[in-house]
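Asker: Just the structure for this:
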Amino acid sequence: MNLRRWGALGTAAVSLAGAMVVTGGATAAHADARCNWSWTTINDGAGAEGPGVARGHSHKTGNHYVADMFYNPDSRKYLWSWYADNNGGNDGDTKDTWFGSIACDYAPW
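Answerer: Next comes the predicted model:
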């Protein structure tokens, strides 16, 4: 009886792990921090602060842009800080938020 329960728990754990991998991959595919960019317009919604052009990317879930960069001499990598362009909400604009960081081999500018 105990062995059967552990077997069922193991099967459930493997199924859950597989689901997490699929979900994680799907999430990363449409909203990611990456080491490449193209020019994108940010803050172009009604009521937002003045629109601008930034190094980033656009997709269905919104715009992300590189707001700052830090060079780490120990790793010899550039840490790009990505932000979400939150130009929506009740007041027409919401403060942009940190999205994530990634270590890259080169600077974004």
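
Asker: Looking at residue 41 now. What's its pLDDT?
Answerer: Reading off the confidence values, residue 41 has pLDDT 89.

Asker: Which residues are in contact with it?
Answerer: Taking Cβ atoms under 8 Å, 6 or more residues apart in numbering as the contact definition, residue 41 lies against 51-54, 58, 63. Placement of C-beta: from N, CA and C, glycine included.

Asker: do residue 49 as well
Answerer: Contact criterion Cβ under 8 Å, 6+ apart gives 43, 93 as the residues in contact with residue 49.

Asker: Please report the distance of it from residue 66.
Answerer: Residue 49 sits 18 Å away from residue 66 when distances are taken as Cβ to Cβ, to the nearest Å.

Asker: And residue 60, by the same measure?
Answerer: With distances defined as Cβ to Cβ, the gap from residue 60 to residue 66 amounts to 20 Å.

Asker: of the two, who's got more company?
Answerer: Neighbour count, other Cβ atoms under 10 Å: between residue 60 and residue 66, residue 66 has more, with 24 against 6.

Asker: Direction included, what does the helix or strand encompassing the more buried one pair up with?
Answerer: Using DSSP states H and E, residue 66 sits within strand 62-72. Strand 62-72 pairs in its sheet with strand 52-59 (antiparallel), strand 77-85 (antiparallel), by DSSP bridges.

Asker: how about CSV for those strands, with mean neighbour count added?
Answerer: Formatted as CSV, the entries for these read as follows, by neighbours: other Cβ atoms under 10 Å:
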stretch, mean neighbour count
strand 52-59, 16
strand 77-85, 20
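
Asker: for those, which one sits closest to residue 35?
Answerer: Using Cβ to Cβ as the criterion, the shortest distance between residue 35 and the strands paired with strand 62-72 is 7.0 Å, found for strand 77-85.

Asker: what's in contact with that closest one?
Answerer: When contacts are taken as Cβ under 8 Å, 6+ apart, the neighbours of strand 77-85 outside the stretch itself are 33, 35, 42-43, 54, 56, 62-72, 96-108.

Asker: if we can go back for a sec, using CSV, please lay out the strands paired with strand 62-72 together with mean pLDDT.
Answerer: Listed next are these as CSV, based on pLDDT from 0 to 100:
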stretch, mean pLDDT
strand 52-59, 91
strand 77-85, 95
